[in-house]
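>>> Requesting a structural model of the entry that follows:
(one chain, ligands or ions: 1)
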Amino acid sequence: MNKTLAAKILDAHLVSGRLVAGEEIGIRIDQTLTQDSTGTMAYLQLEAMEIPRVKTKLSVAFVDHNTLQSGFENADDHLYIQTVAAKHGIVFSKPGNGICHQVQLERFSHPGWTLLGSDSHTPTGGGIGMLAIGAGGLDVAVAMAGGAYYLTMPKICQVELTGKLPAWAAAKDIILEVLRRLTVKGGVGRIFEYTGDGLAGLTVPERATITNMGAELGATTSLFPSDATTQAFLSALGRGADWLPLTADADAVYDETVTIRLDELEPLVALPHSPDNVVPVASVAGSKVDQVAIGSCTNSSYLDLSKVAKILAGKRVHPEVSLVIAPGSRQVLGMLADSGALSSLLRSGARILECACGPCIGMGQAPKSGGVSLRTFNRNFAGRSGTPDAKVYLCSPEVAAVSALTGKLSDPRDYGHPPVIDLNTPFVGDDNLLVFPPEQGQTVEVVRGPNIKPFPVAKQPPVTLTGAVLLKVGDNITTDHIMPSHAHLLPYRSNIPHLAKYCFSGVDADFPARALAQGGGLIVAGANYGQGSSREHAALAPLYLGVKGVIAQSFARIHRANLINFGILPLIFANPGDYDKLAQSDVLTIDALHTQVQKGELITAANTASGQEIPLRLVATSREKEIILAGGLLNFTRQTGGF
Ligand code: F3S
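Reported below is the predicted structural model:
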């Protein structure tokens, strides 16, 4: 009784700990997913664990980020992933099959199960009632090997949706409203559980849009109940047998509640350069738009693109706008073709891209210098589009489609009635680009081309840690800042020595050379360090450059875990104002590091430049402390004998 849905699923998967907010818990993982930009590293780590076959119910390896194969590097990575997947019993989703979260939702999602993915938008699966969490590749590799996933028990926050969305307001506007209210830091240490009578009007793809972008809140995950809508979705996919009803108890007790009256929502837009910089579209309507991009794991469902097709049907994209559309999966693209919607898109002047992440990860379609790009995506960090001074706005597919026609940011309420979509269209499956593993994979040869390089392995920390402040940065540093994901770098995700040359390149291009010349050191940062993607390259590249610790006012969840996994100390200022006492090139010394880590939270660092002592906190569970002292999760796992 009194149980939230999240607590029910966690309870059913609990292997250690208690469901008390702030305590460490370990949970069993049913499914894993990886994508290519994090997957190569995850599979190199899985191989290092010497497990012949994955122990999850299902693991899937997607190739969706870098599908261009503009050089041998991508092709090497893809073949490595395909062969390592076959050897270890993992389903392989070929390039072009679609974006991992869209395909996972359509093809493999399962209410009530746990999913761990090496991509921060893994919570997309929460739209169907999964407990789906994004994590670093090493955590996912451990889960594939049968190990538990450990996390700090989050608070469970209820988001109560009441009423019905008015015309032209969309699911995207619900999550933009949550972001407007709570900001990109507002979800840290929380699971968002959606309830209320407003759920009845939201389809599973719409729910998935909301849980997908819950990642931008910094949340552990977000989820919806599994109800009649979920059943209808699974039945339409021919997977009705996977459905089971799941909901919170009527008297469930939540740690916090946010109420959103859907009737009061209007079309919203996130202004550059943060997803929480949200205002009504009406307040900025009329600004010129150069590019409109529709797709990404947030808004690329059949429902989304059918609406776009209806809006564009019989009309022409504005001559000064480039409209690009990336369907979320081959299944979506096939259904658009079957229904005739694809013709409407093509005849309007839209450009159809491959079913992949594409422009969302900077793979093509970089806007012009200083250009305005209106996107249905989830992130608009500066530079992520591939154009440093581009201005990226985030909105619903409806706002994007209408604006593509007018050539300016447009409030769709000024342009007639919203499209009506038949929600009973049966889904037509397409497994042609899925490769299922053989029953016995021992004889499969794993192919390693020259782009597959060994990953740096962390070492045990020294007894006395002395290091210079190699770089001092401000608040909200993203993993894109730390390890950019530009098109020219994506092919090197399995080549850390090459990638590391570009670590912090948009912040301070001299950082890698300085770090190597000084034999490593420390990074000092403001609040919410490491927000954004799950990419562990944002820990691996600094590790390769000798970074031993990051001292910040606070950390984003996945990045903090990645730092620990690779033996880098994530330290927090005990007094946030001490951030101002440290300057780049100050030298810090932490004496008796092992004893200080073991004995408690407070760790003292001496600033040899000023003579001041800076009290720092290592907010870590006893298990995490052991991982740090072992020199990272891989060493810890080897020392403790596995899983
Ligand atoms: Fe891909 Fe962008 Fe989603 S990179 S997984 S579409 S956030």
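
>>> So which residues on the chain come close to the ligand?
Within reach of the ligand by C-beta under 6 Å from any ligand atom, the chain has these residues: 65, 99-101, 119, 121, 296-297, 357, 360-361, 378. No exception for glycine: its C-beta is placed from N, CA and C like everyone else's.

>>> rerun at 8 Å
Proximity of the chain to the ligand, by C-beta under 8 Å from any ligand atom, involves residues 35, 37, 64-65, 99-101, 119-121, 212, 295-298, 300, 356-358, 360-361, 377-379, 485, 533.

>>> Which helix or which strand is home to Ala356?
Using DSSP states H and E, Ala356 is not contained in any helix or strand.

>>> Which residues are in contact with the residue nearest in space to the middle of the chain?
Most central in the chain under C-alpha atoms, centre = their mean is Ser120, positioned 1.7 Å from the mean C-alpha point. Counting by C-beta atoms under 8 Å, 6 or more residues apart in numbering, Ser120 makes contact with 134, 215, 532-534, 558.

>>> Widest-spaced pair of the residues you listed?
In terms of C-beta to C-beta, those reach their longest pairwise distance at Gly134 and Gly532, which sit 10.6 Å apart.

>>> For Val20, which three-state class applies?
The three-state assignment at Val20 reads coil, by DSSP: H, G, I helix; E, B strand; the rest coil.

>>> who touches it in this structure?
Here Val20 is in contact with Met153 (C-beta under 8 Å, 6+ apart).

>>> With Asn277 instead?
The contact partners of Asn277, taken as C-beta under 8 Å, 6+ apart, are 270-271.

>>> tell me which element the nearest residue to Leu303 once chain neighbours are set aside falls in.
Excluding the flanking residues, the one nearest Leu303 by C-beta to C-beta, 6 or more residues apart in numbering is Pro205, at 4.6 Å. Assigned by DSSP H and E, Pro205 falls within helix 204-213.

>>> what's that helix packed up against?
The helices and strands touching helix 204-213, judged by 3 or more C-beta pairs under 8 Å, 6 or more residues apart in numbering; DSSP states H and E, are helix 171-182, strand 190-195, strand 221-223, helix 228-236, helix 302-312.

>>> Enumerate the positions of the shortest one that are buried.
Okay, so that is strand 221-223. Using 16 or more other C-beta atoms under 10 Å as the burial criterion, the residues of strand 221-223 that qualify are 221-223.

>>> Walking through the stretch 301-450 of the chain, point out its helices one by one.
For the stretch 301-450 of the chain, the helices defined by DSSP state H, counting those that start in this stretch cover 302-312, 330-339, 341-348, 397-406.

>>> circling back: shouldn't the residue nearest to the centre of the chain be within a strand?
No: per three-state DSSP, Ser120 lies outside any strand segment and is coil.

>>> you'd agree Val292 is in a helix?
No: under three-state DSSP, Val292 falls outside any helix and is assigned strand.

>>> That one: how many residues sit nearby?
31 (other C-beta atoms under 10 Å).

>>> With Lys3 instead?
Using other C-beta under 10 Å, Lys3 has 17 neighbouring residues.

>>> Hmm, Tyr254 and it touching each other?
No: assessed by C-beta atoms under 8 Å, Lys3 is found out of contact with Tyr254, at 10.6 Å.

>>> which residues touch the residue nearest to Leu303?
105, 127, 233, 301-304.

>>> I'd like those residues as JSON lines, with neighbour count appended.
Below are the contacts of Pro205 laid out as JSON lines (neighbours: other C-beta atoms under 10 Å):
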{"residue": "Leu105", "neighbour count": "29"}
{"residue": "Gly127", "neighbour count": "30"}
{"residue": "Phe233", "neighbour count": "25"}
{"residue": "Ser301", "neighbour count": "27"}
{"residue": "Tyr302", "neighbour count": "26"}
{"residue": "Leu303", "neighbour count": "21"}
{"residue": "Asp304", "neighbour count": "31"}
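
>>> Which member of those is positioned nearest Phe573?
Gly127 (37.4 Å).

>>> Just the endpoints, please. Distance across stretch 68-75?
Terminal residues of stretch 68-75 lie 9 Å apart, using C-alpha to C-alpha, to the nearest Å.

>>> so what secondary structure elements neighbour the helix or strand of the chain with the lowest mean pLDDT?
For the chain, scoring each helix and strand by mean pLDDT, DSSP states H and E identifies helix 633-639 as the least confident one, at a mean of 87. Counting contacts by 3+ C-beta pairs under 8 Å, 6+ apart, helix 633-639 packs against helix 137-144, helix 557-565, helix 622-630.

>>> now, of those helices, which is deepest in the fold?
Most buried of the helices and strands packed on helix 633-639, by mean neighbour count (mean count of other C-beta atoms under 10 Å): helix 137-144, with a mean of 30.

>>> by contact count, what packs against the next helix or strand after that one?
As assigned by DSSP H and E, the chain's next helix or strand after helix 137-144 is strand 149-152. Judged by 3+ C-beta pairs under 8 Å, 6+ apart, strand 149-152 is in contact with strand 24-27, helix 137-144.

>>> Arg413: which of the ones you listed is closest?
helix 137-144 (42.8 Å).

>>> could I get that closest one in CSV with only the CA atoms?
The C-alpha coordinates for helix 137-144 follow below in CSV (Å, rounded to 0.1, in the frame of the first residue of the first chain):
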residue,chain,number,x,y,z
GLY,A,137,29.0,2.5,-20.8
LEU,A,138,30.9,0.8,-18.0
ASP,A,139,27.8,0.6,-15.8
VAL,A,140,25.9,-0.9,-18.8
ALA,A,141,28.7,-3.4,-19.4
VAL,A,142,28.6,-4.5,-15.8
ALA,A,143,24.8,-4.9,-16.1
MET,A,144,25.3,-7.0,-19.3
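
>>> mind starting the numbering at 43 from now?
I'll keep to 43 as the first residue from here, and by that count the last item is helix 179-186.

>>> Please work out which residues outside it touch it.
By C-beta under 8 Å, 6+ apart, helix 179-186 touches 71, 74-76, 80-81, 83-85, 87-88, 91, 93, 96-98, 101, 130, 132, 158-160, 177, 191, 576, 578, 603-604, 607-608, 675-676, 679, 685.

>>> Next, count neighbours for the closest residue to Ala383 other than its chain neighbours.
Using C-beta to C-beta, 6+ apart and skipping the chain neighbours, the partner closest in space to Ala383 is Ala351 (3.6 Å). Here the number of neighbours of Ala351 (other C-beta under 10 Å) works out to 25.

>>> Just list the residues touching Ala351, thanks.
Shown in contact with Ala351 (C-beta under 8 Å, 6+ apart): 378, 383-384, 386-387.

>>> Pick out the most distant pair among the residues you listed.
Leu378 and Ser386 (8.9 Å).
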